[in-house]
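>>> Mind looking at a prediction? Sequence and model below.
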Amino acid sequence: MTFDETPGQDRTNRSFLFVLGSSRADGNSEILARAAAEHLPSDIPQRWVDLNRLALSDFQDGRHEDAGRQPDEVEELLRQATVDATDIVIVSPLYWYSLSAQTKRYLDYWSGWLNVPGSDFKERMAGGTLWGVTALAHEEHEVADGLVTSLNHSAAYLGMHFGGVLTGTGSRPGRVRADEQAMTRAKTFFQSETPLARFPYEAEAAVA
């Protein structure tokens with residue numbers, strides 16, 4: 001189990017949870033995320049979770065069959081790390097124009113945590129910020145729009161802010177370091193505006 005933490009001086013304000021969803025250690029998405037994290041203020045705590053190294057079972061949707069289900073130790077640690085963070089950064093390579101299987105399983109667990117009896121998961125997530133970091137083989141980063149949409153809509157459902165997705169080109173190991181534009185954007189990525197996430201129909205209604 002890996003919950004690596006970079007302690008900060010003040011734990012009462014912002015805290016970042018970086019969720020690594022690649023099947024390859026030290027992949028391009030992680031390299032890009034760590035480059036961005038280097039520019040966070042030193043007093044903001046960072047916690048890094050590698051989903052590929054967690055003994056986490058496949059998600060089972062038991063909302064209507066097993067109302068009394070209790071999470072095991074690994075799941076509970078992951079849930080607690082999630083709700084304790086003010087900022088969650090999904091770090092996933094672009095696989096078939098969407099999130100990796102490990103990352104999608106993690107988000108599927110959010111569905112389960114919403115339905116645990118007495119759960120305050122949605123209330124605790126509301127007001128936080130969701131971010132994304134992804135590396136892809138294409139030079140044309142708009143092919144990652146499906147991943148961006150998935151994260152935006154997840155944030156919108158939970159009443160979270162959305163900081164957007166930092167994208168970089170990198171297929172072979174370490175290739176993203178050669179994407180000068182991505183590495184430059186990484187320096188200020190976490191300084192970006194983080195508007196409240198909205199579904200498209202909500203945005204259209206606000207304009208009308």
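Sure thing, it's come through.

>>> Please tell me I have it right and residue 15 contacts residue 88.
No. In this structure, residue 15 is not within contact of residue 88 by CB atoms under 8 Å, at 9.9 Å. For glycine as for every other residue, the C-beta is placed from the backbone atoms N, C-alpha and C.

>>> okay, those two: which has more neighbours?
Set side by side, residue 15 and residue 88 show more neighbours around residue 88, with 26 against 20, by other CB atoms under 10 Å.

>>> what about residue 52, distance to residue 84?
Per CB to CB, to the nearest Å, residue 52 is found 21 Å from residue 84.

>>> er, residue 96 actually
32 Å.

>>> Compare those two (neighbour count), which wins?
residue 84 (13 against 8).

>>> That one is in contact with residue 16, isn't it?
No. Residue 84 is not in contact with residue 16 according to CB under 8 Å; the separation is 10.8 Å.

>>> what's the neighbour count on the spatially closest residue to residue 175 that is not a sequence neighbour?
Nearest non-adjacent residue to residue 175, counting by CB to CB, 6 or more residues apart in numbering: residue 28, 6.0 Å away. When counting by other CB under 10 Å, one arrives at 27 neighbours for residue 28.

>>> So residue 28 sits against residue 167, correct?
No. Between residue 28 and residue 167 there is no contact under CB under 8 Å: 10.7 Å.

>>> tell me the mean pLDDT over the strand or helix carrying residue 35?
Following DSSP states H and E, one finds residue 35 within helix 28-37. For helix 28-37, the mean per-residue pLDDT is 98.
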